[in-house]
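Asker: Could you look at this predicted model? Sequence included:
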Amino acid sequence: MRELFCNEMEFVYDERALLERLHCEDTEAEPFVRALELLEEARPYLKPAFAVREFSIDKHQSEGITVNGCFFKSKIVAKKLENEKKVFAYIATSGRKICEFAKRHDDLLDEYLLDQIAYLSYLQAMDKMSLEIENLFGIEKHIRLCPGSVIDWSVEEVKKIFVLMEGLYQDLDVNVMASGLIEPLKSTSGLFYATDEEFASCEICPRAVCESRKAPFDGDLHDEMVNL
C-alpha cells in the first residue's frame, strides 16, 4: 500500500492567482491592497497539506464499488472505475490554522479576503499533490471523483474516505462532520485513478453558479450518466 503525506509545504504568493480570485483588475485595487496586508499577517498560519493512500478495489458492482471493505454507492463512480484494479484515496487542505485565523476577524471584508487566501492555500496543496503523484507514482494524468461533487454520490460518504485514511487524516489535523463536510472547510477528499480519459465531475453538475467549476456543463453527458 503506497502512501504520500505532506504537511510541511510553504505557501507561495502568486500575484496573478490572488488578483483573479478577488476579481481585481490591478494591484492598486483596494481589496487587493488589503489582501496583501492580511497575507503578511496570515503567513504563519498558511499550512497547505495533503495525504494519499493507494488501495485495491475489492469488488465492482453496478451500484458502486467496495474498497478495503468500504462500499461507495454511486453508479457513476462504478462506471468510471469498472476497468480499474487500483484506486487512490486523498485528502487535501488549506490547513486548519488559516481558517481559524480568518474566523477571528470581525470585519466582513477581512474575513472574506482571508477566506480567499485560504482557498489559494488549498489549491497549492492540490497542485503539489498532483506533482508528487506524477513524480512518485508515475501517474501523469488522473481523474478525481469526490462525494457530493459526483451527482449520485452522497457527500455523507466522505466519512468512508476518512475511514480509508485513518491515521493520515489525524496527522493532517482535519476531521469529518456527521454531514460529510470537512473541517477546516477549505479541504476536499475523494478518490482518484490513473487514466488518459478526459472527464471532470463538473461536466455533469447542473449547478448554475459555482466558483469552483473546472469545466462547462455537458447536458448530454449528464443525461447519459444519470440514466445508468
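Answerer: Yes, it's here.
Asker: which residues touch the spatially most central residue of the chain?
Answerer: Computing the C-alpha centroid of the chain and ranking residues by C-alpha atoms, centre = their mean puts residue 188 first, at 3.4 Å. Contacts for residue 188 (C-beta atoms under 8 Å, 6 or more residues apart in numbering) come out as 91, 92, 122, 126, 146, 182. Just so you know, the C-beta spots here come from the backbone N, C-alpha and C atoms, and that holds for glycine as well.
Asker: Hmm, the fourth one is touching residue 94, no?
Answerer: No. Using C-beta atoms under 8 Å, residue 126 is not in contact with residue 94; the gap is 10.1 Å.
Asker: Look at those two and report which has more neighbours.
Answerer: residue 94 (29 against 16; other C-beta atoms under 10 Å).
Asker: What does the pLDDT read for that one?
Answerer: At residue 94 the predicted local confidence, pLDDT, stands at 97.
Asker: same deal with residue 223?
Answerer: Note on residue 223: pLDDT of 64.
Asker: and residue 101, how many residues sit next to it?
Answerer: For residue 101, the neighbour count with other C-beta under 10 Å is 20.
Asker: Torsion angles phi and psi at it?
Answerer: With angles defined as degrees, to the nearest 10, residue 101 sits at phi -60, psi -40.
Asker: ok, back up a step: same list (the contacts of residue 188) but as TSV, adding distance to residue 78.
Answerer: TSV is the format used below for the contacts of residue 188 (distance: C-beta to C-beta, whole Å):
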residue	distance to residue 78
91	22
92	24
122	28
126	25
146	15
182	24
